[in-house]
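Trainee: next input, structure requested:
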Amino acid sequence: MEQNTANKTTKTATKKTDSTAIRFDKVFMRKISKLVDKANKKQFGRKVKPKNFLVNLLCLADDTLLEKVIQKSQEESLTSKDQDAIFLKENLGRFSGTKEEFDQKMRELMASFLSQNPA
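Mentor: Numbering: from 1, shown residues only. The predicted structure is shown next:
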């Protein structure tokens, strides 16, 4: 009796996961650990895990708080050049002239400011 091994295919087990890893800095993790430790100071029940703590925090936050967090995060992500571009976009319309004239006026104002306030 021969065993036919050529026709057998091996099945690979694939794991379906609904989670991903997120890396946090040490300062943030210390704050979360302190809050979780405070939540675990109780007499009954299972331990509170950091994941559960963060999930509940996000679920309990109202829309206005979430919008403020989004806005603050967006503002903190701006570089100096981004802030300059936003300033120009907002104020160039109120200035009667071209962008070059606006830049020249900004340099003049900065020069006069620096001459009045030496470092």
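Trainee: where do the strands sit along the protein?
Mentor: Using DSSP state E, no strands are assigned anywhere in the chain.
Trainee: quick check, central residue of it?
Mentor: Compute the mean C-alpha point of the chain, and by CA atoms, centre = their mean the closest residue is Ser73, 5.4 Å away.
Trainee: roughly how far does Glu61 sit from Asn52?
Mentor: No Glu there; residue 61 is Ala. According to CB to CB, to the nearest Å, Ala61 and Asn52 sit 15 Å apart. Every residue, glycine included, has its C-beta placed from N, CA and C.
Trainee: ok, now how distant is Phe113 from Phe95?
Mentor: Applying CB to CB, the value for Phe113 to Phe95 is 18 Å.
Trainee: so which of these two has more stuff around it?
Mentor: Phe95 (13 against 9; other CB atoms under 10 Å).
Trainee: per-residue confidence at that one?
Mentor: We have a pLDDT of 80 for Phe95.
Trainee: got the domain boundaries for this protein?
Mentor: The record's domain parsing of the chain by automatic domain parsing lists 26-76, 80-116.
Trainee: what's the span of the longest one, first residue to last?
Mentor: In other words, domain 26-76. 19 Å (CA to CA, to the nearest Å).
Trainee: so what's the gap between it and the chain middle?
Mentor: 15 Å (CA atoms, centre = their mean, to the nearest Å).
Trainee: can you check the last one too?
Mentor: Centroid separation for domain 80-116 versus its chain: 30 Å, with CA atoms, centre = their mean.
Trainee: in it, what's buried?
Mentor: For domain 80-116, burial by neighbour count (16 or more other CB atoms under 10 Å) applies to Phe102.
Trainee: begin at 571 from now on, thanks
Mentor: Renumbered: residue one is now 571, and that last one reads domain 650-686.
Trainee: span of it from start to end?
Mentor: Start-to-end, domain 650-686 (CA to CA) is 24 Å.
Trainee: perfect, I'm done here.
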